[in-house]
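*Asks:* The following comprises the amino acid sequence and a computationally predicted model.
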Amino acid sequence: MSKPLYIEPGVIRRLNSLPKDERVECLLALCELTEAFGRPHVHSGLGIRKVGSSLFECRGNISMRFLFQDRPDDLFIFLLGSHDEVRTFLKSARFK
């Protein structure tokens, strides 16, 4: 069973600012995420990993990562950033 995505407007702006090839890779990863989440053998290529209570990270492309929450009705994509940006965000107290 796949869940729909809810994508923060800031993530969409960040996607639009990427070069076309990177944007396509990230959009394809989001499409895969809806079908693969919760099915570990399917999502291995996306590099999905749990980073907190109902908080997950997945690979958008070689340099970009998505952070998202598994909510009851959807997957809430709230951050797209580099590995360092994601790590900095996770160290903040916002989701602890």
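*Replies:* Everything's here; your move. Numbers count the residues shown, from 1 in each chain.
*Asks:* From here on, just use CA atoms for contacts and neighbour counts.
*Replies:* Noted.
*Asks:* right, and Ile7 touches Gln69 too?
*Replies:* No. Counting by C-alpha atoms under 8 Å, Ile7 does not reach Gln69; the two are 10.7 Å apart.
*Asks:* Report the set of residues contacting both of those two.
*Replies:* 76-78 (C-alpha atoms under 8 Å, 6 or more residues apart in numbering).
*Asks:* Turn the residues you listed into TSV, including secondary structure and neighbour count.
*Replies:* Below are those laid out as TSV (DSSP: H, G, I helix; E, B strand; the rest coil; neighbours: other C-alpha atoms under 10 Å):
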residue	secondary structure	neighbour count
Phe76	strand	19
Ile77	strand	22
Phe78	strand	16
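*Asks:* Could I get those in JSON lines, plus columns for distance to Glu32?
*Replies:* JSON lines is the format used below for the shared contacts of Ile7 and Gln69 (distance: C-alpha to C-alpha, whole Å):
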{"residue": "Phe76", "distance to Glu32": "15"}
{"residue": "Ile77", "distance to Glu32": "14"}
{"residue": "Phe78", "distance to Glu32": "17"}
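*Asks:* Can you read off the pLDDT for the residue nearest to Glu35 when sequence neighbours are not counted?
*Replies:* In this structure, Glu35 finds its nearest non-sequential neighbour in Ser2, 5.2 Å apart by C-alpha to C-alpha, 6 or more residues apart in numbering. Ser2 carries a pLDDT score of 78 in this model.
*Asks:* what about Ser2, how many residues close to it?
*Replies:* Using other C-alpha atoms under 10 Å, the number of residues around Ser2 comes to 13.
*Asks:* Make sure it is actually in contact with Glu32.
*Replies:* No. Ser2 is beyond contact range of Glu32, at 10.2 Å (criterion: C-alpha under 8 Å).
*Asks:* so where's the protein shaky on pLDDT?
*Replies:* Across the chain, residues meeting the criterion (pLDDT under 70) sit at 1, 40-44, 93-96.
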